[in-house]
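Asker: fold the following and give me the result.
(one chain, ligands or ions: 1)
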Amino acid sequence: MIRVENLTRYYGGTCAVDEISFEMGSGGILGLLGPNGAGKTTFMRMLTCYLRPSSGNITVKDYNIHEHPIQIKELIGYLPESAPIYPDMLVYDYLKFVADVRNLEKARADSRIKELAGMCGIREVMHKPVGELSKGYKQRVGLAHAMMSDPEILVLDEPTSGLDPNQIVEIRDIIRRIGREKTVILSTHILSEAEATCDRIVIINRGKIVADGATDELKRQAGSGYIIHVSLRHGNPGEITQAFTGVPGISDVALAGSGDGIIDFRLACSGQRDIRPDIYGIIKNNNWPLLEFHRETGTLETIFRELTRGN
Ligand code: ATP
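Answerer: Numbering: from 1, shown residues only. Here you go, the predicted model:
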């Protein structure tokens, strides 16, 4: 249903989205996960045709963002990070206004607003001014706005940002229900959020896709790897890196920090074999003064931190 091809966007000299490509079928919830500044909002604004790419393309069904932005906007409901909701309007009047803008006939508008009030849990606030609502209720009204014309695709930019834990759970439940019928793309920088809500996770860092897979599959892969942290007092970082790099089972050796004569390494290990004896043997043979040595079991969080390290 959605195909992203070599999508790139520069702001002046800053590359916010860097040649990303992926495809998504219809249905399900895809989480776009990445740290602040990874390029999530920029991507969503291109998908929803509010921003033109520097190069590349997105096709949605048979339409592409360059030639058919109006048709694509009709297919997509978009909840931006800060929803442009008018604070002085009553919720009902606001949704009526949205229905008008979307050209819904009066009878259809009334029944649609009723449906959305139930779906988004806003019946009890329909006659309150938008400005008096809690952030959680404002987000629900924003969701109702995005879904007014019953779009096939829903794009939600950090839908739980700034909400308290109860509101987060409530919005997540609503999104999960919507995801049973619609195609949903949501962005978040909170891993647990993506894990709890999404069927598929695409991790982006510095504008590039660094992981893409079904949530369960990513978790399974994460569980088959682990990280070893080593802190040494003094030593030559280049020489130490070289010594660790040759050990079978280590997929990446990174200097995690140095200062005050202490050097920290993170060793990413794949497979189940415990290579701590090998590492300890190298340290002992070289007489490197060891300060700390521990293993962190692979979770989606360790993978996410590894992939987005340095951002
Ligand atoms: P966040 O989680 O903080 O919202 P994000 O993943 O959505 O971050 P973007 O907002 O897309 O990331 O930003 C990606 C990069 O592009 C960042 O380096 C940001 O500073 C830069 N950027 C975004 N919008 C603009 C703009 N209008 N002008 C210049 N640079 C921008």
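Asker: could you use CA atoms for every contact and neighbour count after this?
Answerer: Fine.
Asker: what sits against whatever residue of the stretch 201-311 of the chain ends up closest to the ligand?
Answerer: Relative to the ligand, the nearest point of the stretch 201-311 of the chain is residue 207 (7.0 Å; C-alpha to the nearest ligand atom). If you count contacts by C-alpha atoms under 8 Å, 6 or more residues apart in numbering, residue 207 has them with 15-20, 38-40.
Asker: wait, doesn't residue 64 sit right on residue 56?
Answerer: No. Using C-alpha atoms under 8 Å, residue 64 makes no contact with residue 56, being 10.6 Å away.
Asker: quick check: beta-bridge partners of the residue nearest in space to the middle of the chain?
Answerer: Ranked by distance to the mean C-alpha position of the chain (C-alpha atoms, centre = their mean), the top residue is residue 33 at 2.0 Å. When assigned by DSSP bridges, residue 33 has beta-bridge partners residue 188, residue 203.
Asker: so it sits against residue 202, correct?
Answerer: Yes. Using C-alpha under 8 Å, residue 33 is in contact with residue 202, at 6.0 Å.
Asker: can you list the residues of the protein near the ligand?
Answerer: Residues of the chain that fall close to the ligand, judged by C-alpha under 6 Å from any ligand atom: 11, 16, 34-42.
Asker: out of those, which is most surrounded?
Answerer: Most neighbours among the residues of the chain next to the ligand, by other C-alpha atoms under 10 Å: residue 34, with 28 neighbours.
Asker: show me the contacts for it.
Answerer: The contact partners of residue 34, by C-alpha under 8 Å, 6+ apart, come to 40, 187-189, 203-205, 308.
Asker: now those as TSV including pLDDT?
Answerer: Formatted as TSV, the contacts of residue 34 follow (pLDDT from 0 to 100):
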residue	pLDDT
40	96
187	95
188	92
189	87
203	93
204	95
205	94
308	82
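Asker: for ChimeraX, write the selection for the buried entries among those.
Answerer: The following ChimeraX line selects those of the contacts of residue 34 that are buried, judged by 16 or more other C-alpha atoms under 10 Å:
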select :40,187,188,189,203,204,205,308
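Asker: between which two of the contacts of residue 34 is the distance greatest?
Answerer: 187 and 308 (15.3 Å; C-alpha to C-alpha).
Asker: just the residues of the chain next to the ligand: which are in helices?
Answerer: Secondary structure from DSSP state H places 40-42 of those in helices.
Asker: once you drop chain neighbours, what's closest to residue 187?
Answerer: Using C-alpha to C-alpha, 6 or more residues apart in numbering and skipping the chain neighbours, the partner closest in space to residue 187 is residue 32 (4.5 Å).
Asker: I'd like to know how far residue 291 sits from residue 279.
Answerer: For residue 291, the distance to residue 279 equals 14 Å [C-alpha to C-alpha, to the nearest Å].
Asker: the two: which has the busier surroundings?
Answerer: Remark: of residue 291 and residue 279, residue 279 carries more neighbours, 18 against 12, as counted by other C-alpha under 10 Å.
Asker: hmm, back to that, which of the residues of the chain next to the ligand lies closest to residue 161?
Answerer: Residue 161 lies nearest to residue 36 out of these, by C-alpha to C-alpha, at 12.1 Å.
Asker: show me the helices in the stretch 51-200 of the chain, by range?
Answerer: 69-75, 91-101, 106-119, 135-146, 165-179, 191-197 (DSSP state H, counting those that start in this stretch).
Asker: nearest to residue 152, of those helices?
Answerer: helix 69-75 (5.7 Å).
Asker: contacting residues around the closest one?
Answerer: Here helix 69-75 has contacts from 48-49, 60, 63-65, 149, 151-153, using C-alpha under 8 Å, 6+ apart.
Asker: over to stretch 7-21?
Answerer: Here stretch 7-21 makes contact (C-alpha under 8 Å, 6+ apart) with 3-6, 37-39, 42-43, 52-58, 206-209.
Asker: closest one to residue 214 out of the residues of the chain next to the ligand, please.
Answerer: Nearest to residue 214, judged by C-alpha to C-alpha, of the residues of the chain next to the ligand is residue 34 at 16.0 Å.
Asker: state the distance from that closest one to residue 171.
Answerer: Note on residue 34: its distance to residue 171, by C-alpha to C-alpha, is 20 Å.
Asker: what about the nearest residue to residue 234 once chain neighbours are set aside, neighbour count?
Answerer: Leaving aside its chain neighbours, residue 234 sits nearest to residue 261 (5.1 Å; criterion: C-alpha to C-alpha, 6+ apart). Neighbourhood size, residue 261 [other C-alpha under 10 Å]: 9.
Asker: go on, residue 268?
Answerer: For residue 268, the tally of surrounding residues (other C-alpha under 10 Å) stands at 22.
Asker: please name the bridge partners of it.
Answerer: Beta-bridge partners recorded for residue 268 (DSSP bridges): residue 227, residue 252.
Asker: check contacts around it.
Answerer: So residue 268 contacts 225-228, 250-253 (C-alpha under 8 Å, 6+ apart).
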